[in-house]
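1. give me a model of this one.
(one chain, ligands or ions: 2)
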Amino acid sequence: MAGHGIPRSHPRYWSLVLRERLVEAWRQGIVVPEGLIAHGRGECFDYLIGEETQWFAREAVRAAAAALLLAEHPVISVNGNAAALAAEGLVRLADLLGAPLEVNLFYRTEERARRIGELLRRHGARRVLGVDDATARIPGLPHPRGMVSPEGILRADVVLVALEDGDRTEALRRMGKTVIAIDLNPLSRTARMADITIVDNIVRAVPLLAETVQELKEKPREELENVLRGYDNDRVLAGALRFIKERLEKLAEEGIAMDPRRQ
Ligand code: ATP
Ligand code: MG
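-> Ligands and ions are numbered 1, 2, ... in the order given. So this is what the prediction gives:
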């Protein structure tokens, strides 16, 4: 990241870099103001999980990789925030899976869809749907937030969504699709509605998912099916809540106040 002027020595350097990246993407018409607010909610939950990938996310990532590899028509849904924060990893993931990326926007304008498509292509994306072919509708969702590509999400059996809205996740589930969600908030409707929920920051989850797909790619089908069979999303979400609770209790016991004069 050039030119943001954030000193590396700042204790919250990475968090500031991500904010700057989103603001820049907003300037470029890729992210909407609502997306900036959504990121703030995500940051809050990232703070609570210690801003690191925890066991519940690793477990979900493994199951997600298995589901994507077993899928007949996997699709990777991309919105403004996901494109701004994780374009490179999402393109790599699509490549590894031979799956299309689909621009899919809650606040859809053709202009923004086009810009996100261009951004993905600049990162080397081969197949980008949902830019000028979002002609189908997800039943139950009002236009335009229900518009999808007939070649992509409409016919997909497994869909990866990130920072998604609960209503849309529910509609996808109702269509019989397996939904994998990346969402820092284990309490969101999306997190609770998805088949597999990766409670982690998209900037960490997507590279880890790509790595895991690479690792599991050569495994026999039965092994992948076993990973999926052994996965329980309720257990993983409960694990995330318990992790946060225990972490907060520990912090409270240890004493959390900071005094710069005494260090
Ligand atoms: P829902 O509609 O699922 O109940 P919501 O209305 O609380 O969720 P939305 O704005 O619809 O929130 O969805 C955005 C979601 O993305 C939030 O749950 C937020 O925690 C999550 N989120 C924001 N930034 C990130 C990030 N960088 N990585 C992962 N998740 C994030
Ligand atoms: Mg919502």
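
2. and the helix or strand where Glu211 lies, what does it pack against?
-> Glu211 is part of helix 202-216 when elements are defined by DSSP states H and E. Judged by 3 or more Cβ pairs under 8 Å, 6 or more residues apart in numbering; DSSP states H and E, the packing partners of helix 202-216 are helix 55-70, helix 80-97, strand 158-162, strand 178-182, helix 221-229. Every residue, glycine included, has its C-beta placed from N, CA and C.

3. Ala205 is nearest to which of those?
-> With Cβ to Cβ as the criterion, Ala205 lies closest to strand 178-182 of the helices and strands packed on helix 202-216, at 4.8 Å.

4. does the closest one reach ligand 1?
-> Yes: applying Cβ under 6 Å from any ligand atom, one finds strand 178-182 in contact with ligand 1 at Ile182.

5. what pLDDT, on average, does that strand get?
-> Predicted confidence along strand 178-182 averages 98 (mean pLDDT).

6. show me the contact partners of it.
-> Strand 178-182 has contacts (Cβ atoms under 8 Å, 6 or more residues apart in numbering) with 64, 67-68, 71, 157-164, 169, 172-173, 190-191, 193-198, 200, 202, 205-206.

7. paired strands for it, with orientation please.
-> Each strand paired with strand 178-182, and its direction, by DSSP bridges: strand 158-162 (parallel), strand 196-198 (parallel).

8. helices along the stretch 1-150 of the chain, start to end?
-> Taking DSSP state H, counting those that start in this stretch, the helices of the stretch 1-150 of the chain run over residues 13-27, 33-48, 55-70, 80-97, 110-122.

9. in JSON lines, list the ones you listed along with mean pLDDT, distance to Glu246 and mean neighbour count.
-> Below are the helices of the stretch 1-150 of the chain laid out as JSON lines (pLDDT from 0 to 100; distance: least, Cβ to Cβ, whole Å; neighbours: other Cβ atoms under 10 Å):
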{"stretch": "helix 13-27", "mean pLDDT": "96", "distance to Glu246": "23", "mean neighbour count": "16"}
{"stretch": "helix 33-48", "mean pLDDT": "97", "distance to Glu246": "11", "mean neighbour count": "16"}
{"stretch": "helix 55-70", "mean pLDDT": "98", "distance to Glu246": "12", "mean neighbour count": "23"}
{"stretch": "helix 80-97", "mean pLDDT": "98", "distance to Glu246": "28", "mean neighbour count": "23"}
{"stretch": "helix 110-122", "mean pLDDT": "98", "distance to Glu246": "39", "mean neighbour count": "18"}
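
10. now Asn104, nearest residue through space, not along the chain?
-> Spatial nearest neighbour of Asn104, excluding adjacent residues (Cβ to Cβ, 6 or more residues apart in numbering): Ser77 at 4.4 Å.

11. hmm, back to that, redo the helices and strands packed on helix 202-216 as JSON lines? Include distance to Leu251.
-> As requested, the helices and strands packed on helix 202-216 are exported to JSON lines (distance: least, Cβ to Cβ, whole Å):
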{"stretch": "helix 55-70", "distance to Leu251": "19"}
{"stretch": "helix 80-97", "distance to Leu251": "27"}
{"stretch": "strand 158-162", "distance to Leu251": "28"}
{"stretch": "strand 178-182", "distance to Leu251": "26"}
{"stretch": "helix 221-229", "distance to Leu251": "33"}
